[in-house]
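Participant: sequence-free structure coming up:
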């Protein structure tokens, strides 16, 4: 049987970086679970923006969140109003001081697979809603 290697683990340190950048000796598991909750919340809330990657950097009680999306304008909103709401919401949920939330446009050469799946799923949902079901060929 062949050995299976995680492709991200193989590239870490060389051409890819970690999605979470922080260090903790005492509260590692708590912070890890908090990162997972933050990512899950952001992906559910900002699903329509085409999120491909979320990076979290921490230092003491401060955090920086980088969100890579296909449509960053949806996240930012008019004059940055949506990003301020998102920042306050994350601060309430985590108790951290969020220094910055950076929104980046997706590099389609690197992250296109997830975005293509997102668009495919959304177009299928619309098509399934319009579909009347299977037809037997009789148009009476």
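Facilitator: Received, thanks. This one's a predicted model, so the numbers in the text were calculated from it and none came from an experiment.
Participant: Tell me how far residue 83 lies from residue 21.
Facilitator: 21 Å (CB to CB, to the nearest Å). Every C-beta, even on glycine, is put in place using the N, C-alpha and C of the backbone.
Participant: for residue 106, same thing?
Facilitator: For residue 106, the distance to residue 21 - CB to CB - is 20 Å.
Participant: Residue 83 and residue 21: who's more crowded?
Facilitator: The residue with more neighbours, out of residue 83 and residue 21, is residue 83; 18 against 13, by other CB atoms under 10 Å.
Participant: avg pLDDT for the strand or helix carrying the more buried one?
Facilitator: Using DSSP states H and E, residue 83 maps to helix 81-94. Averaged over helix 81-94, pLDDT sits at 88.
Participant: One more: stretch 1-10?
Facilitator: Throughout stretch 1-10, pLDDT has a mean value of 77.
Participant: Give me the contact list for it.
Facilitator: residue 16 (CB atoms under 8 Å, 6 or more residues apart in numbering).
Participant: Measure how far it is from the centre of its chain, please.
Facilitator: 24 Å (CA atoms, centre = their mean, to the nearest Å).
Participant: What is the least confident helix or strand in the protein?
Facilitator: Least confident element among the helices and strands of the chain, by mean pLDDT, DSSP states H and E: helix 108-130 (a mean of 54).
Participant: the strands in the chain, which residues?
Facilitator: 20-21, 51-59, 62-69, 97-105 (DSSP state E).
Participant: can you redo the ones you listed as JSON lines with mean pLDDT and distance to residue 5?
Facilitator: Output for these, formatted as JSON lines (pLDDT from 0 to 100; distance: least, CB to CB, whole Å):
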{"stretch": "strand 20-21", "mean pLDDT": "80", "distance to residue 5": "21"}
{"stretch": "strand 51-59", "mean pLDDT": "87", "distance to residue 5": "21"}
{"stretch": "strand 62-69", "mean pLDDT": "87", "distance to residue 5": "25"}
{"stretch": "strand 97-105", "mean pLDDT": "83", "distance to residue 5": "28"}
